[in-house]
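1. no sequence for this one, just the structure:
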(Lines give C-alpha, C1' and ligand atoms only; values in the text may rest on other atoms or scores of the structure.)
Protein backbone atom coordinates (compact mmCIF):
# COMPACT_ATOMS: atom_id res chain seq x y z
CA UNK A 1 0.00 0.00 0.00
CA UNK A 2 1.14 3.52 -0.85
CA UNK A 3 0.52 5.85 2.11
CA UNK A 4 2.63 8.85 1.01
CA UNK A 5 -0.35 10.68 -0.49
CA UNK A 6 -2.25 10.55 2.82
CA UNK A 7 0.68 12.03 4.74
CA UNK A 8 1.09 14.87 2.23
CA UNK A 9 -2.58 15.74 2.51
CA UNK A 10 -2.37 15.69 6.33
CA UNK A 11 0.70 17.98 6.34
CA UNK A 12 -0.96 20.44 3.92
CA UNK A 13 -4.08 20.49 6.07
CA UNK A 14 -2.02 21.15 9.21
CA UNK A 15 -0.15 24.02 7.49
CA UNK A 16 -3.45 25.49 6.31
CA UNK A 17 -4.97 25.34 9.80
CA UNK A 18 -1.87 26.86 11.40
CA UNK A 19 -1.84 29.70 8.82
CA UNK A 20 -5.55 30.34 9.28
CA UNK A 21 -5.24 30.54 13.07
CA UNK A 22 -2.19 32.81 12.83
CA UNK A 23 -4.04 35.12 10.42
CA UNK A 24 -7.03 35.33 12.78
CA UNK A 25 -4.76 36.04 15.72
CA UNK A 26 -2.93 38.91 13.99
CA UNK A 27 -6.19 40.39 12.67
CA UNK A 28 -7.69 40.33 16.14
CA UNK A 29 -4.57 41.96 17.60
CA UNK A 30 -4.61 44.79 15.05
CA UNK A 31 -8.32 45.43 15.58
CA UNK A 32 -7.85 45.55 19.34
CA UNK A 33 -4.85 47.88 19.06
CA UNK A 34 -6.79 50.20 16.69
CA UNK A 35 -9.82 50.28 19.00
CA UNK A 36 -7.59 51.04 21.98
CA UNK A 37 -5.89 53.94 20.17
CA UNK A 38 -9.20 55.42 18.96
CA UNK A 39 -10.75 55.12 22.43
CA UNK A 40 -7.73 56.78 24.03
CA UNK A 41 -7.91 59.69 21.55
CA UNK A 42 -11.65 60.10 22.15
CA UNK A 43 -11.14 60.37 25.89
CA UNK A 44 -8.24 62.80 25.38
CA UNK A 45 -10.57 64.96 23.28
CA UNK A 46 -13.29 64.81 25.93
CA UNK A 47 -10.83 65.73 28.68
CA UNK A 48 -9.54 68.65 26.60
CA UNK A 49 -13.13 69.81 26.08
CA UNK A 50 -13.87 69.73 29.81
CA UNK A 51 -10.64 71.55 30.68
CA UNK A 52 -11.46 74.22 28.09
CA UNK A 53 -15.01 74.61 29.41
CA UNK A 54 -13.56 75.32 32.85
CA UNK A 55 -11.52 78.20 31.37
CA UNK A 56 -14.12 79.45 28.88
CA UNK A 57 -15.96 81.88 31.21
CA UNK A 58 -12.64 83.71 31.80
CA UNK A 59 -12.05 84.24 28.07
CA UNK A 60 -13.30 87.43 26.48
CA UNK A 61 -13.20 86.20 22.88
CA UNK A 62 -16.08 84.57 21.05
CA UNK A 63 -13.78 82.41 18.92
CA UNK A 64 -10.20 81.27 18.84
CA UNK A 65 -7.75 78.42 19.19
CA UNK A 66 -6.81 76.78 22.46
CA UNK A 67 -3.68 74.61 22.26
CA UNK A 68 -2.90 71.74 24.60
CA UNK A 69 -0.17 69.11 24.76
CA UNK A 70 -1.92 66.52 22.52
CA UNK A 71 -3.43 68.82 19.89
CA UNK A 72 -5.58 71.89 19.56
CA UNK A 73 -9.13 72.99 20.18
CA UNK A 74 -10.91 75.53 17.98
CA UNK A 75 -13.95 77.23 19.48
CA UNK A 76 -16.61 79.63 18.30
CA UNK A 77 -19.63 80.93 20.18
CA UNK A 78 -22.79 81.39 18.13
CA UNK A 79 -25.99 82.62 19.80
CA UNK A 80 -26.59 80.23 22.71
CA UNK A 81 -24.27 77.47 21.45
CA UNK A 82 -20.54 76.86 21.70
CA UNK A 83 -19.00 74.86 18.86
CA UNK A 84 -15.80 73.00 19.75
CA UNK A 85 -13.55 71.22 17.25
CA UNK A 86 -10.80 69.15 18.85
CA UNK A 87 -7.94 67.91 16.65
CA UNK A 88 -5.71 65.16 17.98
CA UNK A 89 -3.21 63.71 15.52
CA UNK A 90 -5.26 62.94 12.40
CA UNK A 91 -8.64 62.72 14.14
CA UNK A 92 -11.15 65.53 14.50
CA UNK A 93 -13.92 65.55 17.09
CA UNK A 94 -16.88 67.96 17.07
CA UNK A 95 -18.66 68.96 20.26
CA UNK A 96 -21.57 71.35 20.76
CA UNK A 97 -22.30 72.84 24.16
CA UNK A 98 -25.10 75.10 25.26
CA UNK A 99 -23.91 78.38 26.72
CA UNK A 100 -25.75 78.98 29.95
CA UNK A 101 -25.76 82.32 31.61
CA UNK A 102 -26.56 81.78 35.23
CA UNK A 103 -27.63 84.68 37.37
CA UNK A 104 -27.78 84.33 41.08
CA UNK A 105 -29.93 86.51 43.26
CA UNK A 106 -28.76 87.40 46.74
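-> Nice, thanks for sending it over. Since this is a predicted model, take the numbers as computed values, not measurements. Residues are numbered from 1 along each chain as shown.
2. Secondary structure element for the residue nearest the centre of the chain, which one?
-> Nearest to the geometric centre of the chain sits residue 38, at 2.7 Å (CA atoms, centre = their mean). For residue 38, the host element (DSSP states H and E) is helix 4-55.
3. so residue 85 touches residue 74, yeah?
-> Yes. Here residue 85 reaches residue 74: they are 4.5 Å apart, a contact under CB atoms under 8 Å. C-beta: built from backbone N, CA, C; applies to glycine.
4. Chain neighbours aside, what residue packs nearest to the residue nearest to the centre of the chain?
-> Nearest residue to residue 38 in three dimensions, chain neighbours excluded: residue 91, at 7.5 Å (CB to CB, 6 or more residues apart in numbering).
5. Tell me what that neighbour is bridged to.
-> Following DSSP bridges, residue 91 is listed with bridge partners residue 88.
6. Next, count neighbours for it.
-> Neighbours of residue 91 under the rule other CB atoms under 10 Å: 14.
7. Find me the pLDDT at it, would you?
-> According to the prediction, residue 91 has pLDDT 93.
8. residue contacts, it?
-> 38, 41, 45 (CB atoms under 8 Å, 6 or more residues apart in numbering).
9. cool, residue 50 as well?
-> Counting by CB under 8 Å, 6+ apart, residue 50 has no contacts.
10. Relative to residue 15, how far out is it?
-> Separation of residue 50 from residue 15 (CB to CB, to the nearest Å) stands at 53 Å.
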